[in-house]
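Colleague: Provide a 3D model corresponding to the input given below.
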Amino acid sequence: MSVEIRIFGLEGIPEIESGDDLATRLVDAAERLGGLEVGDVVVVAQKVVSKAEGRIVRLADIVPSPQAIELAADRDPRHVQVILDETARIVRARPPLLISETRHGFVCASAGVDASNAKGAGTLILLPLDPDESAAAIRESLHERTGVEVGVVVSDSFGRAWRRGTTGVALGVAGVTAVLDLNGRRDEAGYELHGTEIAIADELAAAAELVLGKLERVPAAVIRGVAAAGDGSGRELVIPAERDLFR
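Modeller: Coordinates of the predicted model:
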């Protein structure tokens, strides 16, 4: 890893619509800052990926189930129904708050369903169907347009147990080491490390959050100076059920 990194917010990206060529928008924004370089990591907010992939639902099209009505409390039960539709398992419920396990295996609030920065009132944004596939497709398209090999992380903001606030996490990964396993290595004092894994892709996502703007419409960032190339995936960051002490 480098002792110095730089993070650039990619500004000036127009509102993304379903079917838009997101990679071209990213390249255009990067070129205004001098272009991409080999080894850069492009972190893209999940919401613009979902918008480009058409992962938008309209509440007017949703009919709530009895379960959704029961869990809604003061929330629109149609919103809760969309959350249930994206949920593989409800982990905790304190209506209207739902902590869900998604079909991807992510454990997060509301199964990642969000109304902020959506396509206007009455619309919700869903997580990509396959964030790793989304990251790989963006990476391939960036290479086709620039000839430069970069890594791509599709990021989102998750809360964490026992900690206040949200932070960036990696949902999809391509061309980047997702988890760095240090087990068996020795520190400077000769101690052999056990159970030490570094979530590199999550750290990149969190670093990018410092320049991504939820209110300023900065949906992507370039991280430069991190030797993070690899063949990781977002799936690697989901702890297996047999190792999860809290399920």
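Colleague: Show me what counts as buried in stretch 235-247.
Modeller: 236-237 (16 or more other CB atoms under 10 Å). (Each C-beta comes from the backbone N, C-alpha and C, glycine too.)
Colleague: May I have the phi/psi pair for the spatially most central residue of the chain?
Modeller: In the chain, the centroid-proximal residue (CA atoms, centre = their mean) is Ser155; its distance is 2.3 Å. Dihedral pair for Ser155: phi -110, psi 160, per degrees, to the nearest 10.
Colleague: Please apply the same query to the one 5 residues further on.
Modeller: Comment: the main-chain dihedrals of Arg160 come out as phi -140, psi 140, following degrees, to the nearest 10.
Colleague: Show the contacting residues for it.
Modeller: 166-167 (CB atoms under 8 Å, 6 or more residues apart in numbering).
Colleague: pLDDT score assigned to it?
Modeller: Arg160 carries a pLDDT value of 87.
Colleague: Okay, and the beta partners of it?
Modeller: Listed beta-bridge partners, Arg160: Arg163 (assigned using DSSP bridges).
Colleague: can you give me the end-to-end distance of stretch 61-68?
Modeller: From its first residue to its last, stretch 61-68 covers 15 Å (CA to CA, to the nearest Å).
Colleague: What residues of it count as buried?
Modeller: Neighbour counts over stretch 61-68 (16+ other CB under 10 Å) mark 62, 64, 68 as buried.
Colleague: hang on, the earlier thing: which residues touch the residue nearest to the centre of the chain?
Modeller: 43-46, 168-171, 205, 208-209, 212.
Colleague: For Arg217, see how far away it is.
Modeller: Look at Ser155 and Arg217: by CB to CB, to the nearest Å, they are 16 Å apart.
Colleague: ok, now Pro77?
Modeller: 31 Å.
Colleague: Between the two, tell me which one has more neighbours.
Modeller: More crowded of Pro77 and Arg217, by other CB atoms under 10 Å: Pro77, with 22 against 14.
Colleague: wouldn't that one be in contact with Pro66 here?
Modeller: No. Contact between Pro77 and Pro66 fails when scored by CB atoms under 8 Å: they sit 9.4 Å apart.
Colleague: which residues of this protein score low on pLDDT?
Modeller: 1-2, 182-195, 214-215, 247 (pLDDT under 70).
Colleague: quick one, strands of it?
Modeller: 6-9, 41-45, 56-58, 87-94, 97-102, 107-109, 123-125, 151-160, 163-174, 180-181, 197-198, 220-224 (DSSP state E).
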